[in-house]
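Trainee: Return atomic coordinates for the entry below.
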Amino acid sequence: MVRRAFFVVLLLCISMVVLAAETREHTIHEILETTGARLQWDADRGIGVLRNANTYVSFRPGSRWGLVNYANQRELGEIRRVDGNIIFSAEAAETVLSILKPARQTSTDRYISTIFIDAGHGGRDPGAVGIHTINGERWEIKEKDIVLDVSMRLRDMLRRGFPERDIVMSREDDTYLRLEERTEAANSVELAENETIIFLSIHANATFNTRAKGFEVWVLPPEERRGGLVDSRTTGVSDPGVLSILNTIREEELTIESVLLSRSLLTGLEGSVGDVAPNRGMKTASWSVVRNARMPSVLVELGFVTNKEEALRMAEPDHLHNLALGLYNGIVEFIRYFEAPQ
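Mentor: Numbers count the residues shown, from 1 in each chain. So this is what the prediction gives:
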C-alpha cells in the first residue's frame, strides 16, 4: 500500500514537472539559443524580426499577431516586454519555435517569382528632355526613349538568365500610362504563399546644374507611411488595432528589402558604368510609384540628360547595354541574398 502511494506521488510530481515545462514562459534569449535565429530589433517602432535560414518571423510585443516571411499573417500568442526583456508565453514560444524549426520542406523558402520593370514616362509624356548643340546643330534626347531602351534590354537579360521567373513590364512601346496604372499592374500580380515580387521604376535625371552626372537609386523614406498593405480580407483579422500593427510590421520589412535592393543595384551599376559615371548613392523621396507599390520597390536614375557628355553617352547602344547589365547584376545579387539559406 505504501509502495503504491509512493508511485502515485512520483507520477504526480513528474506530471507537474512536465506541465510546468509545457506552460512556462520563454525569454527572447532562450528562443534565439534554441533556434539559432538572429534578432533584428527596431527600437523606434518596437518591432522585432527573428530570422533563421530562409524563415522570418516579425512580431511586436503587446500584439498576438505577427508576419511570417514578410507576407503571411499568423497569430503567435502573447508576447510582452518586462524590465527591458522580451517574454514569450508558452503558446507564443511553441508557435515561434514551430515556425523557425519546421520539418524539412521547400515550401517555406522565400522565392522572387516576378520582377516588374517600369519604364518611366512614355507617349505624350517625354519625361526629362536634354537639349544640346552638337556641331552647331540643335540635338535633343528624351528620357522616355532612354528608359524604354534600357528596360527592354534588362527584360531580355532577365528572361535569358531566369526563364523560370516572370519578367513583367509596365510598357513595351511608346505608350502613356498614369502613375496609378503602373503600380496597380504590379500590385495585381498573383503570388503563391511564399513568393515575392520586386519593382524597379527606371528613369533618367535632369537638373539646372549642367555639370551634374551619374546614377542614383531612390527609396521611400523610413518614416513614410504606406497604407493598405494588410487588410481584413487577406488576414481574417477584423480588429483595427491589430491590422494597424501588422501594417506597420509590413512597412518595416518593405523598407529593409527596398534598401537592400537599392544597394545591390548601385553595386551592379558601379561595376558596369562606374568608370564613366559617378555613383551618387541611395537617396530617399516619396515618389508615387515607390510609395504605392506593395512590395520591395526602388526608382533608378540612370544619368542626367542635362549633362551634354552624359546625354551623348546615353544615346550610345554600348552604354545603354552596360546600364542594363549593371541593373541585371544588381538584381542577381539581390536574388542571391534574398533566397539564400543563412
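Trainee: the domain parsing of the chain - what is it?
Mentor: The chain is divided into the following domains under automatic domain parsing: 20-100, 111-339.
Trainee: any idea which of those scores lowest on pLDDT?
Mentor: Here the lowest mean pLDDT among the domains of the chain goes to domain 20-100, at a mean of 83.
Trainee: can you give me the helices in the stretch 151-300 of the chain?
Mentor: All helices of the stretch 151-300 of the chain, identified by DSSP state H, counting those that start in this stretch, fall at 179-187, 232-235, 240-273, 288-292.
Trainee: Which strands or helices does the lengthiest strand in the chain pack on?
Mentor: What stands out as the longest strand in the chain, according to DSSP state E, is strand 195-205. Counting contacts by 3 or more Cβ pairs under 8 Å, 6 or more residues apart in numbering; DSSP states H and E, strand 195-205 packs against strand 111-119, helix 143-161, helix 179-187, helix 240-273, helix 288-292, strand 297-304, helix 317-339. C-beta: built from backbone N, CA, C; applies to glycine.
Trainee: Could you identify which of those is most buried?
Mentor: strand 297-304 (a mean of 27; mean count of other Cβ atoms under 10 Å).
Trainee: The nearest residue to Met152 once chain neighbours are set aside: neighbour count?
Mentor: Excluding its sequence neighbours, the residue lying closest to Met152 (Cβ to Cβ, 6 or more residues apart in numbering) is Glu172, at 6.8 Å. As a burial measure, Glu172 scores 13 neighbours (other Cβ atoms under 10 Å).
Trainee: Now do Glu172 against Phe116, distance only.
Mentor: 13 Å (Cβ to Cβ, to the nearest Å).
Trainee: cool, Leu100 as well?
Mentor: 30 Å.
Trainee: again, but for Arg336
Mentor: In this view, Arg336 and Phe116 are 19 Å apart by Cβ to Cβ.
Trainee: One more: Arg45?
Mentor: 27 Å.
Trainee: How about the contacts made by Ile245?
Mentor: Taking Cβ atoms under 8 Å, 6 or more residues apart in numbering, we find Ile245 in contact with 60, 63, 65.
Trainee: how close does it sit to Arg74?
Mentor: Using Cβ to Cβ, Ile245 is found at 13 Å from Arg74.
Trainee: Which neighbours do the two have in common?
Mentor: Common neighbours of Ile245 and Arg74 (Cβ under 8 Å, 6+ apart) are Trp65.
Trainee: what are the ranges of the strands in the stretch 1-150 of the chain?
Mentor: Secondary structure of the stretch 1-150 of the chain, counting by DSSP state E, counting those that start in this stretch: strands at 26-27, 38-42, 47-52, 55-59, 65-68, 72-75, 79-82, 85-88, 111-119, 129-134, 137-142.
Trainee: Dump the ones you listed into JSON lines; add distance to Glu270 as well.
Mentor: Converted to JSON lines, these look like this (distance: least, Cβ to Cβ, whole Å):
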{"stretch": "strand 26-27", "distance to Glu270": "43"}
{"stretch": "strand 38-42", "distance to Glu270": "27"}
{"stretch": "strand 47-52", "distance to Glu270": "28"}
{"stretch": "strand 55-59", "distance to Glu270": "29"}
{"stretch": "strand 65-68", "distance to Glu270": "33"}
{"stretch": "strand 72-75", "distance to Glu270": "35"}
{"stretch": "strand 79-82", "distance to Glu270": "41"}
{"stretch": "strand 85-88", "distance to Glu270": "39"}
{"stretch": "strand 111-119", "distance to Glu270": "20"}
{"stretch": "strand 129-134", "distance to Glu270": "23"}
{"stretch": "strand 137-142", "distance to Glu270": "23"}
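Trainee: For Arg280, which of those strands is the nearest?
Mentor: strand 129-134 (17.4 Å; Cβ to Cβ).
Trainee: roughly how far out does the closest one sit from the chain middle?
Mentor: Chain-centre distance of strand 129-134: 37 Å, with Cα atoms, centre = their mean, to the nearest Å.
Trainee: again, but for stretch 167-185
Mentor: Remark: stretch 167-185 is offset 20 Å from the chain centroid, using Cα atoms, centre = their mean.
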